[in-house]
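Colleague: Just to be clear, the model below is a prediction. Sequence and coordinates:
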Amino acid sequence: MVLGVAFFVIAAHESAAADAYRAAQPCQQASADPANCFELSDAVIRSVHVSQTRTGEQDDVVLATPTGSLTATLAPSSADSQHVRSGAAAIAKIYRGKVTAVAVDDRTVPSVENPAADQSQWRFYGLWFVGVGLASSLVIPVWRRVGRSARARDGNPPPAPQLQLEVVPGGGIGTVLAPRVTRSVWLQLGFAAGLLLLTTARWLLVPALTSRVLVVDGVILFLGALALWLYLHNSRLFVDDNGLGRVDWLGRLTRYPSGSIVRANRYSVANRYRRNAYLAFVGPDGREVFKVVASAYWDRAQLEALCERARLPVEGTYRDVVTVSAMNRRVPGSLNWARSIAITAVVVLVIIGLVLLLDGPTTR
């Protein structure tokens, strides 16, 4: 929010420059102020390099004038962009040594050096950051309140529920646990969706990119919703006479015979806003076999009852807080660096692909 206020201050400062620009007169007039006047020069557009940015389309143009070549970066609207083309006759407006506008086909296209046009950009950034600040001021306290409630439950765990016997995945009789959606999950999903829309808001306002950005946002939201549905629909933890077993979010069944898991370990990983509680299942070698996020999708009391039925001792508490980098010291094998690097690389490639898709340069 502080950044938003700072941008509004800059916009107010730029307002004076914009007023002076609007009041400028042609330098040829006798009444013109030499320090605040503009020149008009006949020109021909020699080349146009088009790119889509967060502020809309930008055209890097080279203008041939009687006195030499000039360069400028124009910011045309969707209606004006088709008129900015190579070979077109134009008139360049030069203000304080910079091309601030180009008139072509009876249309005036501002450049990024135009003080009047630049003022609106600072105001947009101010509105964007103030909006993010207001959203954070509403979401973060609720998020922290949920975290405090969860930590209070850590100190006063509810009584263990009575788990019912049923048919386990793969056959047999035992106890089955399924994940569920908590209020914390809904808050995280809403925050992620809002952040996605805020991130792509500027592209959404570019008419030439609106449909493309809506498709990208829709695909991301659909894939996220699909992954959540698959996790809730397929994921299961169970115990029967043969030991523990689990079904992952893709429906793949894995059984852990008696003795392959010897204990469970509680701990939490802290981030800036809240703590995520984990229950790690540990093998005889002391390394993690798998873990579940106890704070988001799984009922902690049911997990405790499942461990009791599987005769697994449970160590630690959810109040034992570690950082991400210290997870392997808490339970060896908790953090797979190769997998983390691979996921990061995929995310970076996706971001680069989106940037090329939305901002890819062309010529006209």
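Modeller: Structure's in. What do you need?
Colleague: domain ranges for this structure?
Modeller: 2-121, 161-179+236-333 (automatic domain parsing).
Colleague: Please read off the pLDDT at residue 144 from the model.
Modeller: For residue 144, the model assigns a pLDDT of 56.
Colleague: Make 34 the first number, not 1, from now on.
Modeller: Yes, from this point I'll number from 34; that puts the last item at residue 177.
Colleague: and the domains of the chain, which one is worst for confidence?
Modeller: The bottom spot among the domains of the chain, by mean pLDDT, belongs to domain 35-154, with a mean of 84.
Colleague: ok, then the element right after the lengthiest strand in the chain?
Modeller: Ordering each strand of the chain by length in residues (DSSP state E) puts strand 70-86 first. In the C-terminal direction, the helix or strand that comes right after strand 70-86 (DSSP states H and E) is strand 89-98.
Colleague: Pairing partners for that next one, with directions?
Modeller: strand 70-86 (antiparallel), strand 101-107 (antiparallel) (DSSP bridges).
Colleague: Give the buried residues for the last one.
Modeller: Read that as strand 101-107. Residues of strand 101-107 classed as buried: 103, 105, 107 (neighbour count, 16 or more other CB atoms under 10 Å). The way it works is simple: take the backbone N, C-alpha and C, and place the C-beta from them, glycine included.
Colleague: For the protein, which segments count as helices?
Modeller: In the chain, helices defined by DSSP state H lie at 35-56, 148-188, 216-232, 234-237, 243-267, 333-342, 360-363, 370-392, listed in chain order.
Colleague: Select, out of the strands paired with strand 89-98, the one closest to residue 131.
Modeller: Closest approach to residue 131 among the strands paired with strand 89-98 is made by strand 101-107 (7.9 Å; CB to CB).
Colleague: Please tell me how far the closest residue to residue 320 other than its chain neighbours sits from residue 279.
Modeller: Distances taken as CB to CB, 6 or more residues apart in numbering place residue 366 nearest to residue 320, at 3.8 Å, with adjacent residues excluded. Going from residue 366 to residue 279 by CB to CB, to the nearest Å gives 16 Å.
Colleague: got the phi/psi numbers for the residue nearest to residue 320?
Modeller: When read as degrees, to the nearest 10, the backbone of residue 366 gives phi 90, psi 0.
Colleague: wait, doesn't it sit right on residue 323?
Modeller: No: between residue 366 and residue 323 there is no contact under CB atoms under 8 Å: 9.6 Å.
Colleague: Burial check on residue 129, number of neighbours?
Modeller: 14 (other CB atoms under 10 Å).
Colleague: sorry, that was for residue 354
Modeller: 15.
Colleague: Ok, the one 3 residues further on next?
Modeller: Counted by other CB under 10 Å, the residues lying close to residue 357 total 13.
Colleague: Settle this for me: it is touching residue 373, isn't it.
Modeller: No: taking contacts as CB under 8 Å, residue 357 lies outside contact range of residue 373: 9.2 Å.
Colleague: Residue 86 pairs with what?
Modeller: residue 89.
Colleague: do you know how far it is from residue 242?
Modeller: For residue 86 relative to residue 242 (CB to CB), the value is 10 Å.
Colleague: ok, those two, which is more surrounded?
Modeller: More neighbours surround residue 242 than the other of residue 86 and residue 242, with 22 against 15 (other CB under 10 Å).
Colleague: Surely the more buried one is in contact with residue 234?
Modeller: No: counting by CB under 8 Å, residue 242 sits too far from residue 234 to count as a contact (11.6 Å).
Colleague: wait, isn't residue 74 in contact with residue 128?
Modeller: No: between residue 74 and residue 128 there is no contact under CB under 8 Å: 11.6 Å.
Colleague: between those two, who's got more neighbours?
Modeller: residue 128 (20 against 15).
Colleague: Identify the residues contacting that one.
Modeller: 54, 57, 70, 71, 146 (CB atoms under 8 Å, 6 or more residues apart in numbering).
Colleague: what pairs with the fourth one across the strands?
Modeller: The reference is to residue 71. residue 59, residue 128.
Colleague: re the thing from before, count of neighbours near the residue nearest to residue 320?
Modeller: Counted with other CB under 10 Å, residues neighbouring residue 366 total 17.
Colleague: measure it to residue 321 for me?
Modeller: 4 Å.
Colleague: Please apply the same query to residue 271.
Modeller: For residue 271, the distance to residue 321 - CB to CB - is 19 Å.
Colleague: swap in residue 73?
Modeller: 72 Å.
Colleague: More neighbours: these two, which one.
Modeller: Neighbour totals were compared for residue 73 and residue 321, and residue 321 leads with 21 against 14 (other CB under 10 Å).
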